[in-house]
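*Asks:* Sequence and predicted structure are below.
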Amino acid sequence: MEVKNFAAWDYVVFAALFIISSGIGVFFAIKERKKATSREFLVGGRQMSCGPVALSLTASFMSAVTVLGAPSEVYRFGASFTLFFIAYTFVIIFTSELFLPVFYRSGITSTYEYLQLRFNKGVRYAATVIYIVQTILYTGVVVYAPALALNQVTGFDLWGSVFATGIVCTFYCTLGGLKAVVWTDAFQMVVMIVGFLTVLIQGSAQAGGFHNVLEQSTNGSRLHIIDFDVDPLRRHTFWTISVGGTFTWLGIYGVNQSTIQRCISCKTEKHAKLALYFNLVGLWIILVCAVFSGLIMYVYFKDCDPWTSGIISAPDQLMPYFVMEIFATMPGLPGLFVACAFSGTLSTVAASINALATVTFEDFVKSCFPHLSDKLSTWISKGLCILFGVMCTSMAVAASFMGSVVQAALSIHGMCGGPMLGLFTLGIVFPFVNWKGALGGLLTGITLAFWVAIGAFIYPAPASKTWPLPLSTNQCVPSNATELVPPALSSRPAIADSWYSISYLYYSAVGCLGCIAAGVIISFLTGHQSGKDIQPMLIRPVCNLFCFWSKEYKTLCWCGVQHDRGTEQETLENGSTWKQGTESVLQNGLRRESLVHSPGYDPKDKSYDNVAFEKITHF
């Protein structure tokens, strides 16, 4: 394809993004220089408000994968992508009402601390290692995606762009810590919205107006959104997106360190929940922008598909190519769109680097060296940010071989995030599960998820399940490009057309449900966990929703956990806090721990303040 280079104003707009992002890091490094503790650096002193945290959450997970990949998905497969609004809604509800209260009230910094409190060190370390691998892989994808966009629209060196992104992210993350990450994300969220809006306004104008976009999209079968086909092999249906998408994104939101870390940085639990619900609105807005961008792009290219005709070499180049077409005579706006794509990347990578540094410091460094000074702890945290910045940037090289950025990103989360979701669900919802069941369930879930995902990579699903909707090249200038044909499916084992062909959105569900089933079975076979050894605050009283009419059934469902002391319901009714005693012993096979809980409940605000909690761990 012919590369259309940036004008001077494009470079100005694009450079401004990097300068302002770096400036925020420098500002917080100077502002917080007298608060040189790892607590301030990693969780912002737990004094953040809901507004910037909500914007940060949205920006981090609506990355360049969404900016570039989602419109391409809609362009090729139709607007069924809209159904993700159902998945997002369920995810936020489950996260805020099931997982967040447990993590927040525990006073933990790393989500994997919970696993040691509930099970033991072995489960905690296994989960931490899996999270680190998952995050580095995913971050590689979101670094590569905007670099590819920049390469296609400006001719810049691809890998030079990758390393420039990594350097800027690492710079402001290392200097300013979580506060810099959150406020930079808030700024980048605004850039993403403005970038999308410029594309929507100019694109719809050149496509004949909004009404014409809807009419042409309907004629091209792009608005056939709801398909109730229950076939799990179909790539996108109502069920694969709403059910499979919920499992996938719940693994990203509900138990992911990057999300929970910013939630527990809020000054109260109420602020943390509000941040999640405001974030849901942001997710809906970005989703709508991405879907309509894809529809407008389809109408614009409906008579000459640049992908099928060979003008571009990959579907993920559609959006940047479209932007350069509609803004050909408007210098500065192409730069704004590329800044939009890079905003998603910078926010995601910075959040990932900060989360990786946090879990490594809390789960490994502090375990080995429990008496580090505040100054040394802060410098170690900064060093870990630099280390993971280098690793995440380098991982982008592998992302260039992963194909579609959306499918690659969600597949990675499904393979690792699903089993992790199952593990935390075992701990929070099933009081009788012991550490052997938890570890066995995790390994089972990982095995199942990787089995199906790797099998699908080796043996792609049949074209009938994944082939895009019709795309025309009738009015394209003749080229020597060959027409795309479905891949040959010869020499395939029988399992390739069933198990390996399952929709990529079900990878997380496979891993999660496999983990839960194996964990429950192993726990019964090895002797279930005694409820008396478990702190009530580590278990969420979900069973109360189903047996609220009977105290006897409540006792049975809590499996011996002293639910009459410290439940959420009694806490709220009495306006008191959990008072478990200063030497309550958790005895889970490998070690003993005690928790000391200071008052953290504010009856006036009806919310918990995790600043009040202090954890003392005996190894």
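*Replies:* It's in.
*Asks:* Please count neighbours and contacts with C-alpha atoms only from this point.
*Replies:* Will do.
*Asks:* for the record, mean pLDDT for stretch 250-266?
*Replies:* For stretch 250-266, the mean pLDDT works out to 84.
*Asks:* gap between the two ends of it?
*Replies:* One end of stretch 250-266 to the other measures 20 Å (Cα to Cα, to the nearest Å).
*Asks:* my read: Gln47 touches Cys263, true?
*Replies:* No - assessed by Cα atoms under 8 Å, Gln47 is found out of contact with Cys263, at 10.5 Å.
*Asks:* These two: which is more packed in?
*Replies:* Cys263 (30 against 18; other Cα atoms under 10 Å).
*Asks:* isn't that one right up against Ala272?
*Replies:* Yes - contact criterion Cα under 8 Å: Cys263 and Ala272 qualify, at 4.9 Å.
*Asks:* would you list every one of the helices in the stretch 1-150 of the chain?
*Replies:* 8-31, 38-43, 50-61, 64, 70-77, 84-94, 100-106, 111-118, 121-154 (DSSP state H, counting those that start in this stretch).
*Asks:* I meant to write the stretch 301-450 of the chain there.
*Replies:* Counting by DSSP H, counting those that start in this stretch, the helices of the stretch 301-450 of the chain are 318-326, 333-360, 366-368, 374-399, 405-429, 435-458.
*Asks:* Quick check, pLDDT for the nearest residue to Leu295 once chain neighbours are set aside.
*Replies:* Closest residue to Leu295 apart from its sequence neighbours, by Cα to Cα, 6 or more residues apart in numbering: Tyr75 at 6.0 Å. For Tyr75, the pLDDT comes out at 92.
*Asks:* Low-confidence stretches in the stretch 101-250 of the chain?
*Replies:* 145-146, 149-150, 152-157, 176 (pLDDT under 70).
*Asks:* change it to 90
*Replies:* Along the stretch 101-250 of the chain, the parts satisfying pLDDT under 90 run over 104-111, 120, 130-196, 207-210, 219-227, 229, 231-236, 248-249.
*Asks:* State the phi and psi torsions of the residue nearest the centre of the chain.
*Replies:* Nearest residue to the geometric centre of the chain (Cα atoms, centre = their mean): Ile252, 3.8 Å. Per-residue torsions, Ile252: phi -80, psi -40 (degrees, to the nearest 10).
*Asks:* swap in the one 4 residues further on?
*Replies:* In terms of degrees, to the nearest 10, the main-chain angles of Asn256 are phi -80, psi 130.
*Asks:* The residue nearest to the centre of the chain touches Pro419, doesn't it?
*Replies:* No - Ile252 is beyond contact range of Pro419, at 11.4 Å (criterion: Cα under 8 Å).
*Asks:* doesn't Val181 make contact with Ser347?
*Replies:* Yes - counting by Cα under 8 Å, Ser347 does reach Val181; the two are 7.2 Å apart.
*Asks:* any idea how far Gly23 is from Gly441?
*Replies:* Taken as Cα to Cα, the span from Gly23 to Gly441 is 45 Å.
*Asks:* okay, these two: which has more neighbours?
*Replies:* Gly441 (30 against 17).
*Asks:* How much space separates the more buried one from Leu505?
*Replies:* According to Cα to Cα, Gly441 and Leu505 sit 20 Å apart.
*Asks:* quick one: low-confidence parts of the stretch 501-619 of the chain?
*Replies:* Low-confidence segments of the stretch 501-619 of the chain (pLDDT under 90): 501, 503-505, 507, 527-619.
*Asks:* Count the residues that sit near the spatially closest residue to Leu443 that is not a sequence neighbour.
*Replies:* Leaving aside its chain neighbours, Leu443 sits nearest to Cys515 (7.5 Å; criterion: Cα to Cα, 6+ apart). By other Cα under 10 Å, the residues close to Cys515 number 33.
*Asks:* Would you list the phi and psi of Cys515?
*Replies:* Per degrees, to the nearest 10, the backbone of Cys515 is at phi -60, psi -50.
*Asks:* cool, and Cys266?
*Replies:* Residue torsions, per degrees, to the nearest 10, at Cys266 are phi -70, psi 150.
*Asks:* same deal with Val230?
*Replies:* Dihedral angles for Val230 - degrees, to the nearest 10 - are phi -90, psi 0.
*Asks:* Could you measure from it over to Tyr500?
*Replies:* 17 Å.
*Asks:* So if I had to pick from those two, which one is more boxed in?
*Replies:* Under the criterion of other Cα under 10 Å, the comparison of Val230 against Tyr500 puts Tyr500 first, with 23 against 11.
*Asks:* Wait, that one touches Val452, no?
*Replies:* Yes - counting by Cα under 8 Å, Tyr500 touches Val452, with 5.3 Å between them.
*Asks:* pLDDT at the nearest residue to Ser110 once chain neighbours are set aside, what is it?
*Replies:* Nearest residue to Ser110 in three dimensions, chain neighbours excluded: Val359, at 5.4 Å (Cα to Cα, 6+ apart). pLDDT, Val359: 87.
*Asks:* count of neighbours near Val359?
*Replies:* Residues near Val359, counting by other Cα under 10 Å, number 25.
*Asks:* who's in contact with it?
*Replies:* 110-112, 128, 257 (Cα atoms under 8 Å, 6 or more residues apart in numbering).
*Asks:* okay, and for the stretch 351-500 of the chain, where does confidence drop off?
*Replies:* If you take pLDDT under 90 as the line, the stretch 351-500 of the chain has these spans: 351-417, 429-432, 450, 453-500.
*Asks:* Of the helices of the stretch 1-150 of the chain, flag the one that's most buried.
*Replies:* For those, the largest average neighbour count (mean count of other Cα atoms under 10 Å) is found in helix 64, namely a mean of 32.
*Asks:* so Gly294 makes contact with Tyr75?
*Replies:* Yes - using Cα under 8 Å, Gly294 is in contact with Tyr75, at 4.8 Å.
*Asks:* any idea which helix is longest in this protein?
*Replies:* Counting residues, the longest helix in the chain under DSSP state H turns out to be helix 158-206.
*Asks:* Going by contacts, tell me the helices and strands next to it.
*Replies:* helix 8-31, helix 38-43, helix 50-61, helix 121-154, helix 269-300, helix 318-326, helix 333-360, helix 374-399 (3 or more Cα pairs under 8 Å, 6 or more residues apart in numbering; DSSP states H and E).
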